[in-house]
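Undergrad: Provided below for reference: sequence and predicted model.
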Amino acid sequence: MADKHDKVPENAPGKYYIDNTCVPCNDCLEEAPMLLKYTDDESKVYFHRQPQTPEEQICARKAKEICPVEAIGDDGE
């Protein structure tokens, strides 16, 4: 389960985030390319913006569900 106290610092403020257990497997990027980006060194993925539409909410949830290391959380601030 993702830890909101161990977020990748680049995450946009809000409900969804990725923590430092991320292993950039690319699965989440396929589900939510409009919301997610690689860090500059490509070692992690982060939410560069929060979902704004119902469709983007669905994409964010799918990205969370598909994450093999459970690095995506939806209990952020």
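TA: Done, it's in.

Undergrad: any idea of the mean pLDDT in the longest helix along the chain?
TA: Counting by DSSP state H, the longest helix found in the chain is helix 54-66. Computed over helix 54-66, the mean pLDDT rounds to 98.

Undergrad: what does stretch 31-44 give?
TA: Per-residue pLDDT over stretch 31-44 has a mean of 97.

Undergrad: that stretch: end-to-end distance?
TA: Start and end residues of stretch 31-44 are separated by 16 Å (CA to CA, to the nearest Å).

Undergrad: may I see the buried residues of it?
TA: 31-32, 35-38, 44 (16 or more other CB atoms under 10 Å). Just so you know, the C-beta spots here come from the backbone N, C-alpha and C atoms, and that holds for glycine as well.

Undergrad: kindly report the same for stretch 57-68.
TA: Buried residues in stretch 57-68, counted by 16+ other CB under 10 Å: 57, 59-61, 63-64, 67.

Undergrad: and for stretch 19-27?
TA: 19, 21-22.

Undergrad: center of this structure - which residue?
TA: The C-alpha lying nearest the average C-alpha coordinate of the chain belongs to Ile18 (CA atoms, centre = their mean; 4.2 Å).
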